[in-house]
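**Q** Pasting a predicted model and its sequence here:
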Amino acid sequence: RRILVGIDARDGIVMTKGWLGDSGVRAVDLAKEMKARGVERIVYTDISRDGTMQGPNIEQTATLAREAKVRVTASGGVGGVKDLFALQSIESAGVDSVIVGRALYENRFPCQMLWRLCETDLRDAEADAVRPDCPRLRTAVG
């Protein structure tokens, strides 16, 4: 099976029409219905967190995964590495992947900072991201 369903919700309620319409349907209930129809993965976005970088809604995401007994890709709110660790703590509930958006654009991950330090020193597309001949990188990491 290769079909996944995206559920966008605010306060646990499915939102429609570009997040403007309140469906009155609980996200957990929709996820259960989709599971019954054979869907094995839900991309769950808490729209109140999307783009905020204030952290994902760990509790609601875990609840959806546990109650619907479906694998979940978390979306919305990731602001850095600590949020990835928080999501990792609910992997046993079925939350096994994440979508990261704005935090990547704003270089909120340490690896991105290291890449940027050497960005101008890269000679070709096959160069390693960590190069011993990059003096700024050696200074940054010790």
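**A** Noted; the coordinates are in hand. Residues are numbered from 1 along each chain as shown.
**Q** State the distance spanning the first to the last residue of stretch 54-62.
**A** Start and end residues of stretch 54-62 are separated by 17 Å (Cα to Cα, to the nearest Å).
**Q** Would you mind confirming that E40 makes contact with L4?
**A** Yes: if you go by Cβ atoms under 8 Å, E40 and L4 touch, sitting 7.4 Å apart. In this view, the C-beta of every residue, glycine as well, is placed from N, C-alpha and C.
**Q** got the buried residues for stretch 55-66?
**A** Buried positions in stretch 55-66, judged by neighbour count with 16 or more other Cβ atoms under 10 Å: G55, P56, N57, I58, Q60, T61, A62, T63, L64, A65, R66.
**Q** Mind putting those residues into CSV with pLDDT, distance to I13 and secondary structure?
**A** Formatted as CSV, the buried residues of stretch 55-66 follow (pLDDT from 0 to 100; distance: Cβ to Cβ, whole Å; DSSP: H, G, I helix; E, B strand; the rest coil):
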residue, pLDDT, distance to I13, secondary structure
G55, 92, 20, coil
P56, 95, 17, coil
N57, 95, 13, coil
I58, 96, 18, helix
Q60, 95, 11, helix
T61, 97, 15, helix
A62, 97, 17, helix
T63, 97, 13, helix
L64, 97, 12, helix
A65, 98, 17, helix
R66, 97, 18, helix
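**Q** between the residues you listed, which is nearest D46?
**A** Ranked by distance to D46 (Cβ to Cβ), the buried residues of stretch 55-66 are led by N57 at 4.0 Å.
**Q** measure the closest one to R2 for me?
**A** 27 Å (Cβ to Cβ, to the nearest Å).
**Q** now the strands: where do they sit in this structure?
**A** Taking DSSP state E to define them, one finds strands in the chain at 4-10, 13-16, 21-26, 41-46, 71-75, 95-99.
**Q** Among these, which comes closest to C111?
**A** Within the strands of the chain, the stretch nearest C111 is strand 95-99; the backing value is 15.3 Å (Cβ to Cβ).
**Q** Sort out which residues of that closest one are buried, please.
**A** Quick answer for strand 95-99 (16+ other Cβ under 10 Å): V95, D96, V98.
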